[in-house]
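Student: turn this into a model:
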Amino acid sequence: MSKVDRLGWTAGFCINSFGVQVGIRANDAAALAGIEEFLPPTSRVVRCRGAVEHLFSLIVHDNQSSNSNGTAASKRPVKRFNLVYADFTRVVRSLDREETFDRFEAALQLRVAEFSPTRTFVHAGVVGWRGRAIVIPGMSFSGKTTLTSELVRRGATYYSDEYAVIDERGRVHPYAKPLSMREGETPKQTKRAVENFGGTTGTKPLPAGLIVVSEYKAGATWRPRPLTLGQGALAMFANTVSARRQPEAALAALQKAVAGASVIKGRRGEAGVAADAILKLMDG
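Tutor: Predicted coordinates:
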């Protein structure tokens with residue numbers, strides 16, 4: 001950590017997110033301009049008091065406008081790597097500024113999700129429907145964002161396409177970041193505001209009404225089967241960020257979350273077909 005500390009930091013601030021205090025510093029104050037859009041939802045800027053629990057350090061360069069002499073871009077501009085450290089571990093090394101901040105955002109969100117003392121974070125898409133939450137647990141490339149967006153198009157209230165945030169009573173809270181829509185089969189993502197889908201964002205915690213354990217498979221027919229509450233809790237646990245660090249607390253929260261819900265599992269093809277069936281099931 002002492003080696004990272006010597007790299008030269010000129011600007012920084014602290015945030016509190018879901019009970020986790022994080023310090024963020026940079027080699028240049030300009031690197032922090034607009035960084036708010038990359039912070040976890042509901043983050044609050046707070047006064048830095050002594051040592052922080054977690055520290056992110058960013059070295060960001062403008063590779064588009066300078067060369068070795070510091071003048072306007074020429075035939076051979078010098079490109080320098082952007083770096084991001086989480087504590088003393090380097091988590092990003094990239095020449096691309098956009099990629100740097102996207103990966104910083106993912107690393108920061110994951111740190112908050114793992115260490116939150118008051119919430120259990122499950123990788124999931126979440127929408128609200130008639131006062132109940134529909135939770136779609138799943139990791140990247142499982143199709144949860146696509147299904148979440150289709151539910152929003154049909155009038156469901158948007159809660160998250162990244163995490164189901166569950167409190168000690170089992171209620172699901174909003175984690176309303178913009179939806180991250182993938183471009184084909186590539187890892188590249190484009191942020192889309194929920195308003196682009198004609199949707200609105202939830203503000204209040206909801207009890208879970210339906211747990212949908214599903215993944216996309218081209219050409220699959222949506223024929224879900226019911227699962228037990230125990231199977232539903234285990235499916236959620238398999239996608240829980242803090243499962244290894246605090247398994248007992250996570251399982252306790254998840255058992256309460258599924259207690260009043262139905263649980264179904266099945267592969268799906270076209271997301272719109274599954275979305276129609278899910279809302280019909282909720283209404284039934």
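Student: residues contacting Leu281?
Tutor: By Cβ atoms under 8 Å, 6 or more residues apart in numbering, Leu281 lies in contact with Leu210, Ser262, Ile264. (Each C-beta comes from the backbone N, C-alpha and C, glycine too.)
Student: for the closest residue to the last one other than its chain neighbours, which residues are in contact?
Tutor: In other words, Ile264. Distances taken as Cβ to Cβ, 6 or more residues apart in numbering place Pro224 nearest to Ile264, at 4.0 Å, with adjacent residues excluded. Going by Cβ under 8 Å, 6+ apart, Pro224 touches Val212, Ser214, Ile264, Lys265, Gly266, Ala277.
Student: try it again at 6 Å.
Tutor: Contacts for Pro224 were tallied using Cβ atoms under 6 Å, 6 or more residues apart in numbering; they are Ile264, Lys265, Gly266.
Student: can I see the domain layout of the protein?
Tutor: For the chain, automatic domain parsing gives the domain ranges 2-115, 120-283.
Student: figure out the length between the terminal residues of the longest one.
Tutor: Translated: domain 120-283. Using Cα to Cα, to the nearest Å, the end-to-end distance of domain 120-283 comes out at 28 Å.
Student: export stretch 136-155 as PDB, just CAs?
Tutor: Below are the C-alpha coordinates for stretch 136-155, written out as PDB (Å, rounded to 0.1, in the frame of the first residue of the first chain):
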ATOM      1  CA  ILE A 136     -34.600 -12.700 -11.600                       C
ATOM      2  CA  PRO A 137     -31.300 -14.000 -10.100                       C
ATOM      3  CA  GLY A 138     -28.500 -14.600 -12.600                       C
ATOM      4  CA  MET A 139     -24.900 -13.700 -13.500                       C
ATOM      5  CA  SER A 140     -23.700 -11.800 -16.600                       C
ATOM      6  CA  PHE A 141     -24.900 -13.200 -19.900                       C
ATOM      7  CA  SER A 142     -27.900 -15.000 -18.300                       C
ATOM      8  CA  GLY A 143     -30.300 -12.500 -20.000                       C
ATOM      9  CA  LYS A 144     -31.600 -10.900 -16.800                       C
ATOM     10  CA  THR A 145     -31.200  -7.300 -18.200                       C
ATOM     11  CA  THR A 146     -33.100  -8.100 -21.400                       C
ATOM     12  CA  LEU A 147     -36.000  -9.800 -19.400                       C
ATOM     13  CA  THR A 148     -36.000  -6.900 -16.900                       C
ATOM     14  CA  SER A 149     -36.300  -4.300 -19.700                       C
ATOM     15  CA  GLU A 150     -39.200  -6.300 -21.300                       C
ATOM     16  CA  LEU A 151     -41.000  -6.300 -18.000                       C
ATOM     17  CA  VAL A 152     -40.500  -2.600 -17.700                       C
ATOM     18  CA  ARG A 153     -41.900  -2.100 -21.200                       C
ATOM     19  CA  ARG A 154     -45.100  -3.800 -20.000                       C
ATOM     20  CA  GLY A 155     -45.600  -1.500 -17.100                       C
END
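Student: how far does it sit from its chain's centre?
Tutor: Centroid separation for stretch 136-155 versus its chain: 13 Å, with Cα atoms, centre = their mean, to the nearest Å.
Student: one more: stretch 247-266?
Tutor: Centroid separation for stretch 247-266 versus its chain: 20 Å, with Cα atoms, centre = their mean.
Student: other residues contacting that stretch?
Tutor: Residues from elsewhere that reach stretch 247-266, judged by Cβ under 6 Å, 6+ apart: 120, 166, 168, 170, 207-214, 223-227, 229, 232-233, 236-237, 240, 242-243.
Student: residues making contact with stretch 51-59?
Tutor: Counting by Cβ under 6 Å, 6+ apart, 4, 14, 21-27, 31, 83-87, 111 sit against stretch 51-59.
Student: next one: the residue nearest to Ile264 from Ser214, what distance?
Tutor: As judged by Cβ to Cβ, to the nearest Å, Pro224 and Ser214 stand 7 Å apart.
Student: do Ser94 as well
Tutor: Ser94 is 33 Å from Ser214, where distance means Cβ to Cβ.
Student: please identify which of the two sits among more neighbours.
Tutor: Legend: neighbour count by other Cβ atoms under 10 Å for Ser94 and Ser214, higher for Ser214 (25 against 16).
Student: which strand or helix spans that one?
Tutor: Using DSSP states H and E, Ser214 sits in strand 208-216.
Student: mind listing what the helix or strand just after that strand pairs with, with the direction of each?
Tutor: Using DSSP H and E, the helix or strand that follows strand 208-216 in sequence is strand 225-226. As defined by DSSP bridges, the strand partners of strand 225-226 come to strand 262-268 (antiparallel).
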